[in-house]
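Participant: What would the 3D arrangement of this be:
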Amino acid sequence: MTLRADHGLAAPPGPTMTTATTPHGGSDMGAAFRGLIIGSLVLLGLVFTVVKLTARSFEGHNAAPAAGAPATAPAATPH
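Facilitator: Modelled structure (predicted):
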């Protein structure tokens with residue numbers, strides 16, 4: 001008598017994995033290192049893209065005023 005029979009639950013649909021169909025032995029170190037390397041490259045690419053886009057967006061913010069343009073004094077801040 002199994003727990004399924006006691007509760008009237010049916011077997012799950014589709015094929016079920018048995019120990020005969022699961023991979024045997026070996027290590028997952030190769031897959032782990034591939035994931036680590038690929039993840040690192042993706043993160044490096046994202047950081048590089050964000051830095052480049054940010055630098056492009058702030059280009060010219062500290063540029064000197066053009067020749068012939070009136071110089072403006074910085075606004076005084078109350079103390």
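
Participant: mind showing which ranges of this structure have poor pLDDT?
Facilitator: 1-25, 63-66, 68-71, 73-74 (pLDDT under 70).

Participant: same thing but at 90, please
Facilitator: By pLDDT under 90, the weakly predicted segments of the chain are 1-27, 59-79.

Participant: just checking, what's the longest helix in it?
Facilitator: Criterion DSSP state H: the longest helix present in the chain is helix 29-57.

Participant: Now that helix: buried residues?
Facilitator: Neighbour counts using 16 or more other CB atoms under 10 Å place no residue of helix 29-57 among the buried ones. Bear in mind the C-beta positions are built from the backbone N, C-alpha and C, glycine included.

Participant: same for that helix, what does it pack against?
Facilitator: Contact here means 3 or more CB pairs under 8 Å, 6 or more residues apart in numbering; DSSP states H and E; on that basis helix 29-57 packs against no helix or strand.

Participant: Secondary structure class of Ala76, three-state.
Facilitator: coil (DSSP: H, G, I helix; E, B strand; the rest coil).

Participant: From Leu43, how far off is Gly30?
Facilitator: 20 Å (CB to CB, to the nearest Å).
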